[in-house]
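Student: Sharing a model prediction with you, sequence too.
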Amino acid sequence: MLDLGNFEEYLTNKELSMNTISCYIRDSKVFMDWFSSRTDCGLDKLIQLDAIGYKKHLLNTNKSVVTANRKVASVNAFCKWLYESGSTADEINIKAVKNRDARQYKGLEEKDLRKLRAEIHRNRNPLHICIIELLLGTGLRVSELCNLKLQDIELSERKGTIKVIGKGNIYRTLPLNKDVRKAIQDYADVRPENDSDFLLIGQRGAFKRNAINLILEKYGQRVSVDVTPHRLRHSLGYRLVKEGTAITTIQEILGHDSILTTNLYTVTTEQDKVEALEALEW
């Protein structure tokens, strides 16, 4: 089997996040296994028809179009590396899967969000409150939250900012509202002494994304709310759209390369339709 060490180095040089690199390598291994199960040829004989066959395989085995397209992106990066390294004669590329279903709201309903936030605050754990307020108040990706360092934070009584390293190692600066500032300060007052520069630390050092997921899941189970950091990010994006915030401003806040990604938050929920019609007066 092909050694993927050089592929990993190729991805690292493109300054992709460790999470993205891990996904690309894992997905590429699955693709290699699928390819070898269909033919005795090596990857040097890979052709476009193989890519088309794999896309059909993904459509048959993945209920989520988003998941299928993530795997498509992984395989495209793998095939590009094969071509650029001289391992294949042609650069193979799979077109993304078109989602013909209407876009759906992926955030939390307001009542569920209120229940979740109240439950976390009611528990009075400064670390957990800091996590929920940062996610809700800035829309950080979970990886960005885990990578947040003490020196990235500036706080004063009336204002505050954080510097965030986003995808592609691109920095953005986000202002902090009073709830986020208070949550960070309250946590900083009880934060354990530690040599780590990372803001969020536990008994085993800096927090990993899985630890954040588990904390939110624990509170979500208490109030019967299905919550993830990504759903909180969607909640903020939708809320900003609904309040009339300029789409370019939302793009800057959420750290999107393309405004097309930001447009995903311009969905219409069932509640929006109810409120629109109930407000009518003739």
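Tutor: Good, I have the coordinates. The model shown is predicted, which means the values in this text are computed figures rather than measured ones.
Student: remind me which residues of this structure are low pLDDT?
Tutor: 1, 63, 99-103 (pLDDT under 70).
Student: which residues in it form helices?
Tutor: Per DSSP state H, the chain carries helices over the ranges 5-13, 18-38, 48-61, 65-84, 110-123, 126-138, 142-146, 178-190, 209-222, 229-242, 247-254, 259-262, 270-278.
Student: Using CSV, write out every CA atom in the third one.
Tutor: It refers to helix 48-61. C-alpha atoms of helix 48-61 as CSV (Å, rounded to 0.1, in the frame of the first residue of the first chain):
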residue,chain,number,x,y,z
GLN,A,48,-11.6,9.4,-14.3
LEU,A,49,-14.0,6.5,-14.5
ASP,A,50,-12.7,5.2,-11.2
ALA,A,51,-13.5,8.6,-9.7
ILE,A,52,-17.0,8.5,-11.1
GLY,A,53,-17.5,5.1,-9.6
TYR,A,54,-16.3,6.2,-6.2
LYS,A,55,-18.7,9.2,-6.3
LYS,A,56,-21.6,6.8,-6.9
HIS,A,57,-20.3,4.7,-4.1
LEU,A,58,-20.3,7.7,-1.8
LEU,A,59,-23.9,8.6,-2.7
ASN,A,60,-25.0,5.1,-1.9
THR,A,61,-23.3,4.9,1.4
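Student: Touching, residue 186 and residue 129? I think so.
Tutor: Yes - with contacts counted by CB atoms under 8 Å, residue 186 reaches residue 129, the gap being 6.9 Å. Backbone N, C-alpha and C define where each C-beta goes, glycine included.
Student: Spell out for me which residue occupies the centre of this structure.
Tutor: residue 141 (5.0 Å; CA atoms, centre = their mean).
Student: Identify the residues contacting that one.
Tutor: 166, 229-230, 233, 255 (CB atoms under 8 Å, 6 or more residues apart in numbering).
Student: Filter the residues you listed down to the buried ones.
Tutor: Among those, those classed as buried by 16 or more other CB atoms under 10 Å are 166, 229, 233, 255.
Student: and the gap between the third one and residue 138?
Tutor: In this view, residue 233 and residue 138 are 9 Å apart by CB to CB, to the nearest Å.
Student: now the buried ones among the contacts of residue 141 as JSON lines including distance to residue 116?
Tutor: Shown next, in JSON lines, are these (distance: CB to CB, whole Å):
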{"residue": "166", "distance to residue 116": "25"}
{"residue": "229", "distance to residue 116": "12"}
{"residue": "233", "distance to residue 116": "14"}
{"residue": "255", "distance to residue 116": "24"}
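Student: In stretch 20-38, which residues are buried?
Tutor: 20-21, 23-25, 27-28, 31-32, 34-35.
Student: How far does that stretch sit from its chain's centre?
Tutor: 21 Å (CA atoms, centre = their mean, to the nearest Å).
Student: Pull the residues that contact that stretch.
Tutor: Residues contacting stretch 20-38 (CB under 8 Å, 6+ apart): 1-2, 4, 7-8, 11-12, 16, 43, 46, 50, 53-54, 57, 70-71, 73-75, 77-78, 167.
Student: Now list the buried members of these.
Tutor: 4, 7-8, 11, 16, 43, 46, 50, 54, 57, 70-71, 73-75, 77-78, 167.
Student: Now distance to residue 241 too, for the buried residues of stretch 20-38, in CSV please.
Tutor: Shown next, in CSV, are these (distance: CB to CB, whole Å):
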residue, distance to residue 241
20, 26
21, 31
23, 28
24, 31
25, 35
27, 31
28, 36
31, 36
32, 41
34, 39
35, 42
